[in-house]
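Novice: Below is the sequence, then the predicted model.
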Amino acid sequence: MADFITYSFIGLAIGCIYALIALGFAIIYKASEVINFAQGELLLVGAYVASYAMYTWRLAFPLALLVAIAVTVAIGLLFERFALRRMIGRPVFSIVMITIGLDVLLRTGVTVRLGATQFLNAATPFGSVSQVRLGGVVFNDIDITIIAATLVCCAALFLFFNRTRYGLAMRATALDQEAALAVGIDVRTVYAMAWGLAGAVAAIGGVLLAARQGSGGFDVGLGQSALLAFPAIILGGLDSIPGAVVGGVLIGLTYGYASGYELRVSWLGAGFETVAPYLVMLVVLLVRPYGLFGSRKVERV
Amino acid sequence: MLLVQDLEVSYGNAVTAIRGVSLEVPDGAVVALLGANGAGKSTMLRAITGLLGIHNARITCGSISFDGRRIDGLNAAQIVRRGISQVLEGRRLFADLTVEENLRSGALAARGSSAEQRRAYDRVLELFPLLRERRDTHAGYLSGGEQQMLAMGRGLMASPRLLLLDEPSLGLAPLMVQRIRDIIAEIHAGGTAVLLVEQSAQMALSVADTGYVLETGRVVLAQSAAELLRNELVRHFYLGLTEGEQASKVATLRQHRPQRRWA
């Protein structure tokens, strides 16, 4: 039982990181139907900047996190303003290709600063890895932090989308772009906000993901781990923000159980935890091809 | 107030949808724009409200001005702020948003103070009392008539001085068409000018002061509503009214029509 709770908790924490990564994808997809392949590298940049600010500039963790958020938000906004705005109305495929370009650019940028194999200490609010014991069950501080941070992010996004005029403009634009234009919503502002928000959640996700990598720190491969969130996004439905969170948590739990119980089902071989999320995704897609919360697109011919 | 001069619009550099149209909506007037499918009515409205871009169309010639200032070249949001709102064909509500949220989305571009916005909101609920009861309903669950009312209400939330309506009676039961007509008259009485695009010429001409008949991108008739109601071409082709003795006249009209079209 204690094992089960531990695995659930670890799974939940991993799932929360996936949820944060998936949120970034979902926000941009919802606004503009573009899958942002640079989201993973935005995470890397966030983690890198936070770490740099904390250990080179000697900033406190909250300040370092803020600096990281500011940088990724700025990258998102600049990219939207100078690369994507010219592409409005062009085929989505071309825009997706440009995001792949940004992905390469960001990864190369960090590699030049950091080196291809260099490990960097992750910015973390804790001096060292510490744990909380509760009735024989062990909880890592960083996992608790991740879950709390994700809850705060989700609550903030919920309030933004449902209680502010900008949130309303974004939801309206996602539903019907022409109608949004007709009521006078500035669609370019909506795109910019989507990229800004995606940048912000990427920095938070990146810092937490790096901090969870353990004492070895992180390297430029961090961005690739965003791809682990892909089953979460597909599972939840690409254009659904609650779906991103639920999908992330489901995939995280799957990962947690698969890696936890792996030794008991050793006939499956090692590394089953990397396959399990995709299996869950496949099964869900067989039943619900649009994901758990994705909107069904009906195309009449 | 609104003045369109020698307007030409083409889609994708290939199809010219509007070929030199001039029209005018005087201050506080109701003007009807009639015509068959594909005559260019919706394109006219798109040109006025800056929505040509997303349809891959553009103005190739002519000008549009509002209160003496050019508005062609402004983007859709700027045009709404100048005081022109459009209710798109097919209502185009935000189906997953509530009635209340749809109305608030209509005020997103409004420049006025919160007191003015409050007044606009109260006025919309006064015009459409039904929307008050259904405030928390998702717009997608409303009936066709209710959706049309909500779409018009959303358009009025920005307190426009000119409201463009694209086929407000489309797909509605006759009784509901009558109600929409009365509401247009009420909006007009409140001092808002209306440019009304309609296939139902009967309804449009009963509420309009003047009317234009569009055929394949050209204005073929521009007269007062009363004159248009008497016009035989309009009576036959747009009102479907052909009295027995006029049957032979109509035969000649039919022959005339192609010439008018290609004139």
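Specialist: Structure's in. What do you need?
Novice: Give me the neighbour count for A:Ile147.
Specialist: If you count neighbours by other C-beta atoms under 10 Å in any protein chain shown, A:Ile147 ends up with 19. The way it works is simple: take the backbone N, C-alpha and C, and place the C-beta from them, glycine included.
Novice: right, and it touches A:Ile14 too?
Specialist: No - taking C-beta atoms under 8 Å as the definition, A:Ile147 is not a contact partner of A:Ile14, at 10.2 Å.
Novice: Show me the strands in chain B, by range?
Specialist: Ranges of strands within chain B are B:2-11, B:15-25, B:30-35, B:57-66, B:69-70, B:84-87, B:162-166, B:193-198, B:210-215, B:218-224, based on DSSP state E.
Novice: which of these is buried the deepest?
Specialist: strand B:84-87 (a mean of 28; mean count of other C-beta atoms under 10 Å in any protein chain shown).
Novice: Which residues does that strand contact?
Specialist: Residues outside strand B:84-87 that contact it (C-beta atoms under 8 Å, 6 or more residues apart in numbering or on different chains) are A:182-184, B:2, B:45, B:48-49, B:51, B:66, B:71, B:106, B:151-152, B:154-156, B:158, B:160-166, B:168.
Novice: Write out the residues of chain A neighbouring chain B.
Specialist: Proximity of chain A to chain B, by C-beta under 8 Å from any C-beta of the partner chain, involves residues A:89, A:165, A:168-169, A:171-172, A:175-186.
Novice: Buried members of these into ChimeraX, please.
Specialist: Command for ChimeraX that selects the buried part of those, burial taken from 16 or more other C-beta atoms under 10 Å in any protein chain shown:
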select /A:168,169,171,172,175,176,177,179,180,181,182,183,184,185,186
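Novice: Mark which of the residues of chain A next to chain B are part of strands, please.
Specialist: In strands, judged by DSSP E, none of the residues of chain A next to chain B are found.
Novice: that older thread, of all the strands of chain B, which one comes closest to B:Glu133?
Specialist: strand B:84-87 (21.5 Å; C-beta to C-beta).
Novice: Now do that closest one: distance to the chain's middle.
Specialist: The chain centre lies 8 Å from the centre of strand B:84-87; the measure is C-alpha atoms, centre = their mean, to the nearest Å.
Novice: How about the residues of the stretch 101-250 of chain B by chain A?
Specialist: Contact residues (C-beta under 8 Å from any C-beta) of the stretch 101-250 of chain B with chain A: B:Glu101, B:Arg104, B:Ser105, B:Gly106, B:Leu108, B:Ala109, B:Ala110, B:Arg154, B:Gly155, B:Met157, B:Ala158.
Novice: mind checking the backbone torsions on the residue in chain A that chain B sits nearest to?
Specialist: As assessed by C-beta to the nearest C-beta, chain B sits closest to A:Gly184 within chain A, at 2.6 Å. Recorded main-chain torsions at A:Gly184 are phi 90, psi 20, according to degrees, to the nearest 10.
Novice: quick one: A:Ile21 and A:Glu41 touch, right?
Specialist: No - A:Ile21 lies out of contact with A:Glu41 (C-beta under 8 Å); the separation is 11.7 Å.
Novice: which residues do the two both contact?
Specialist: Counting by C-beta under 8 Å, 6+ apart, the residues touching both A:Ile21 and A:Glu41 are A:Ala226.
Novice: Tell me the helices and strands packed up against whichever strand or helix holds A:Glu41.
Specialist: Counting by DSSP states H and E, the element that carries A:Glu41 is helix A:39-55. For helix A:39-55, the packing partners by 3 or more C-beta pairs under 8 Å, 6 or more residues apart in numbering or on different chains; DSSP states H and E come out as helix A:2-32, helix A:61-79, helix A:92-114, helix A:187-212.
Novice: To A:Val275, which of these lies closest?
Specialist: helix A:2-32 (15.3 Å).
Novice: Quick one: distance of the closest one to the chain centre.
Specialist: Relative to its parent chain, helix A:2-32 has a centroid offset of 8 Å by C-alpha atoms, centre = their mean.
Novice: so for that helix, what's the average pLDDT?
Specialist: Helix A:2-32 carries an average pLDDT of 91.
Novice: who does the spatially most central residue of chain B bridge with?
Specialist: Geometric centre of chain B, nearest residue: B:Leu165, 2.8 Å, by C-alpha atoms, centre = their mean. On the basis of DSSP bridges, B:Leu165 is bridged to B:Val87, B:Leu196.
Novice: Just to check, it is in contact with B:Met152?
Specialist: Yes - if you go by C-beta under 8 Å, B:Leu165 and B:Met152 touch, sitting 7.1 Å apart.
Novice: and the closest residue to A:Gly15 other than its chain neighbours, how many residues sit next to it?
Specialist: Excluding its sequence neighbours, the residue lying closest to A:Gly15 (C-beta to C-beta, 6 or more residues apart in numbering or on different chains) is A:Gly252, at 2.0 Å. The number of residues packed near A:Gly252 is 26, by other C-beta under 10 Å.
Novice: helix/strand/coil for A:Gly252?
Specialist: With DSSP: H, G, I helix; E, B strand; the rest coil as the basis, the three-state label of A:Gly252 is helix.
Novice: so who does it touch?
Specialist: A:Gly11, A:Leu12, A:Ala13, A:Ile14, A:Gly15, A:Cys16, A:Ile17, A:Tyr18, A:Ala19, A:Ala232.
Novice: And the third one, how far from B:Thr49?
Specialist: Computed with C-beta to C-beta, to the nearest Å, the distance linking A:Ala13 and B:Thr49 is 50 Å.
Novice: what's the least confident helix or strand in chain A, going by average pLDDT?
Specialist: strand A:131-134 (a mean of 80; mean pLDDT, DSSP states H and E).
Novice: so what strands line up beside that one?
Specialist: strand A:137-140 (antiparallel).
Novice: what does the partner strand contact?
Specialist: Strand A:137-140 is contacted from outside by A:Ala2, A:Ile5, A:Thr6, A:Phe9, A:Ile10, A:Ala13, A:Val129, A:Ser130, A:Gln131, A:Val132, A:Arg133, using C-beta under 8 Å, 6+ apart.
Novice: buried sites along it?
Specialist: Result for strand A:137-140 [16+ other C-beta under 10 Å]: buried residues A:Phe139, A:Asn140.
Novice: Give the next helix or strand downstream of it.
Specialist: Using DSSP H and E, the helix or strand that follows strand A:137-140 in sequence is helix A:141-163.
Novice: re earlier: now that we're looking at the residue nearest to A:Gly15, what pLDDT does it have?
Specialist: On the pLDDT scale, A:Gly252 gets 92.
Novice: pLDDT score assigned to the closest residue to B:Met176 other than its chain neighbours?
Specialist: Distances taken as C-beta to C-beta, 6+ apart put B:Gly145 closest to B:Met176, at 3.9 Å, once the chain neighbours are dropped. Per-residue pLDDT puts B:Gly145 at 92.
Novice: What of A:Arg264?
Specialist: Model confidence at A:Arg264, given as pLDDT, is 81.
Novice: Equivalent analysis for B:Leu7, please.
Specialist: B:Leu7 is assigned a pLDDT of 96 by the prediction.
Novice: hang on, isn't it packed against B:Ala17?
Specialist: No - if you go by C-beta under 8 Å, B:Leu7 and B:Ala17 don't touch, sitting 10.2 Å apart.
Novice: CA atoms only for the host helix or strand of A:Leu282, dumped as PDB, please.
Specialist: According to DSSP H and E, A:Leu282 maps onto helix A:272-287. Extracted in PDB, the C-alpha atoms of helix A:272-287 (Å, rounded to 0.1, in the frame of the first residue of the first chain):
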ATOM      1  CA  PHE A 272       8.400  -0.400 -20.000                       C
ATOM      2  CA  GLU A 273       7.600   2.900 -18.400                       C
ATOM      3  CA  THR A 274       8.500   4.700 -21.600                       C
ATOM      4  CA  VAL A 275       6.100   2.600 -23.700                       C
ATOM      5  CA  ALA A 276       3.200   2.600 -21.300                       C
ATOM      6  CA  PRO A 277       2.100   6.200 -21.800                       C
ATOM      7  CA  TYR A 278       1.800   5.500 -25.600                       C
ATOM      8  CA  LEU A 279      -0.200   2.400 -25.000                       C
ATOM      9  CA  VAL A 280      -2.700   4.300 -22.900                       C
ATOM     10  CA  MET A 281      -2.800   7.000 -25.600                       C
ATOM     11  CA  LEU A 282      -3.500   4.400 -28.200                       C
ATOM     12  CA  VAL A 283      -6.300   2.800 -26.300                       C
ATOM     13  CA  VAL A 284      -8.000   6.100 -25.600                       C
ATOM     14  CA  LEU A 285      -7.700   7.200 -29.200                       C
ATOM     15  CA  LEU A 286      -9.300   4.000 -30.400                       C
ATOM     16  CA  VAL A 287     -12.300   4.900 -28.300                       C
END
